[in-house]
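Enquirer: pasting the structure only:
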């Protein structure tokens, strides 16, 4: 079985955790921390990062192993002694991938390279030359035009996609049809965390619904100090993010809440939190006899490793799907690992559908 060759668009914190995690599990004697130890016989260590794409001058031209530790990245370095991968970071296409307010901020923001930007032809050529199997989209929230540019490149280069951000591709019927026509699988959109705000909010909502407690109001307010939260301070970039997170929770309730009764999304940027994300969650409802009750919770997690745990599975399901001749949006993996999949399915049902769709191709870590 040859390695799964992966290109990453956006060498930020999530890319850093993903690359470090692959190296860690390649050597680790334990599968602790993984959702699935193997998928279709592929371990996490079978993923090989062969190409990075970015527009920041501190990353372009470097090996991915070096670029993931460059500013403004500030996630935990749990595998800092990473050997060079032989995977170059090439100049991408800016478009709307860098918000104006993210430049001129020193170490906190982006420093756009003056290198010549990629064209579709040059990007397709790079994907083919590096024999990429799966492209992972880690662009900033709000990168609609930039994401669509790279999707066009993936289609032309015949590369599968994991769309980790809330730009709707896998859940868009027109884009999905194009991937199916090309015989390419895609997992998306907007990757969930391993144990993050959205998955916890969904599970608690299902608990309320399953125990007969009607939900009247709920909110999920999130703060963080990474570039993701700084980027989302431009509120014009977060409409798809709020929709993605809100619909993920609405789907877990027994009835749809009115818009004014459910508030979910990024709340503020707190620089000293770095890559730590704090979620403040509240659910108000009525129990037996109409008696009011409420639940409040505070969740603190390192944001990027939380996402990488799901991305390593999504990458491997893309590879297995290609081997099995599956194309278009992968329904079960997308529902299990993404906030805005083509079909919202409860996690327990998605697990069963995954087994039915892929047979014995997945093995959960003990």
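Expert: In hand now; what should we look at? Here the structure is a predicted model, which is why all the values come from computation and not from measurement.
Enquirer: what about the helices in the stretch 101-250 of the chain?
Expert: All helices of the stretch 101-250 of the chain, identified by DSSP state H, counting those that start in this stretch, fall at 120-129, 144-157, 173-181, 197-210, 227-231, 239-250.
Enquirer: ok, which of the ones you listed comes nearest residue 72?
Expert: helix 227-231 (5.2 Å; CB to CB). Heads up, the C-betas are built off the backbone N, CA and C, glycines and all.
Enquirer: what sits against the closest residue to residue 231 other than its chain neighbours?
Expert: Distances taken as CB to CB, 6 or more residues apart in numbering put residue 140 closest to residue 231, at 4.5 Å, once the chain neighbours are dropped. Going by CB atoms under 8 Å, 6 or more residues apart in numbering, residue 140 touches 10, 12, 97-99, 102, 165, 227-228, 231, 237.
Enquirer: for residue 140, give me the backbone phi and psi.
Expert: Backbone geometry at residue 140, expressed as degrees, to the nearest 10, gives phi -60, psi 150.
Enquirer: so it versus residue 10, what's the distance?
Expert: 7 Å (CB to CB, to the nearest Å).
Enquirer: before we move on, the earlier item: can you redo the helices of the stretch 101-250 of the chain as CSV with mean neighbour count and mean pLDDT?
Expert: Output for these, formatted as CSV (neighbours: other CB atoms under 10 Å; pLDDT from 0 to 100):
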stretch, mean neighbour count, mean pLDDT
helix 120-129, 17, 98
helix 144-157, 21, 98
helix 173-181, 15, 98
helix 197-210, 19, 96
helix 227-231, 23, 97
helix 239-250, 20, 95
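Enquirer: distance to residue 311 for these - can I get that in a markdown table?
Expert: Formatted as a markdown table, the helices of the stretch 101-250 of the chain follow (distance: least, CB to CB, whole Å):
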| stretch | distance to residue 311 |
| --- | --- |
| helix 120-129 | 18 |
| helix 144-157 | 16 |
| helix 173-181 | 18 |
| helix 197-210 | 14 |
| helix 227-231 | 15 |
| helix 239-250 | 16 |
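Enquirer: low-confidence regions, this protein specifically.
Expert: Applying pLDDT under 70 to the chain picks out residues 360-366.
Enquirer: longest helix of it?
Expert: Criterion DSSP state H: the longest helix present in the chain is helix 303-324.
Enquirer: C-terminal to it, what's the next element?
Expert: Note on helix 303-324: by DSSP states H and E, the next helix or strand toward the C-terminus is strand 328-329.
Enquirer: tell me which other helices or strands the helix or strand following that next one touches.
Expert: The C-terminal neighbour of strand 328-329 among helices and strands, as given by DSSP H and E, is helix 331-337. If you count contacts as 3 or more CB pairs under 8 Å, 6 or more residues apart in numbering; DSSP states H and E, helix 331-337 packs onto strand 185-187, helix 303-324, helix 347-358.
Enquirer: point out the most buried one among the ones you listed.
Expert: Highest mean neighbour count of the helices and strands packed on helix 331-337: strand 185-187, a mean of 31 (counted as mean count of other CB atoms under 10 Å).
Enquirer: tell me the gap between that one and the middle of its chain.
Expert: How far strand 185-187 lies from its chain's middle: 13 Å, per CA atoms, centre = their mean, to the nearest Å.
Enquirer: what do you get for stretch 256-264?
Expert: Counting by CA atoms, centre = their mean, stretch 256-264 comes out at 24 Å from the chain centroid.
Enquirer: what do you get for stretch 65-82?
Expert: Centroid separation for stretch 65-82 versus its chain: 18 Å, with CA atoms, centre = their mean.
Enquirer: which residues sit against it?
Expert: If you take CB under 8 Å, 6+ apart as the criterion, stretch 65-82 is touched by 11-13, 15-17, 19-21, 23-24, 52, 54, 56, 58-59, 62, 83-85, 87, 89, 107-110, 225-227, 274-275, 302-305.
Enquirer: which parts of it are buried?
Expert: Buried residues in stretch 65-82, counted by 16 or more other CB atoms under 10 Å: 65-70, 72-76, 79, 82.
Enquirer: before we move on, back to that, what is in contact with residue 140 and residue 10 at once?
Expert: Residues within reach of residue 140 and of residue 10 at once, by CB under 8 Å, 6+ apart, are residue 97.
Enquirer: could you find the closest non-adjacent residue to residue 345?
Expert: residue 335 (4.0 Å).
Enquirer: what count of nearby residues applies to the closest residue to residue 111 other than its chain neighbours?
Expert: Nearest non-adjacent residue to residue 111, counting by CB to CB, 6+ apart: residue 57, 5.1 Å away. Other residues near residue 57 come to 15 when the count uses other CB atoms under 10 Å.
Enquirer: again with residue 86
Expert: 12.
Enquirer: quick check, it in contact with residue 63.
Expert: Yes - contact criterion CB atoms under 8 Å: residue 86 and residue 63 qualify, at 7.0 Å.
Enquirer: next one: phi and psi at the residue lying farthest from the centre of the chain?
Expert: Going by CA atoms, centre = their mean, the residue of the chain most distant from its centre is residue 289, 41.5 Å out. Residue 289 adopts backbone torsions of phi 80, psi 10, taken as degrees, to the nearest 10.
Enquirer: what number of residues lie near residue 100?
Expert: For residue 100, the neighbour count with other CB under 10 Å is 8.
Enquirer: show the contacting residues for the spatially closest residue to it that is not a sequence neighbour.
Expert: Once flanking residues are discounted, residue 100 sits nearest to residue 234: 8.0 Å by CB to CB, 6+ apart. Residues in contact with residue 234, defined by CB under 8 Å, 6+ apart, are 99-101, 142.
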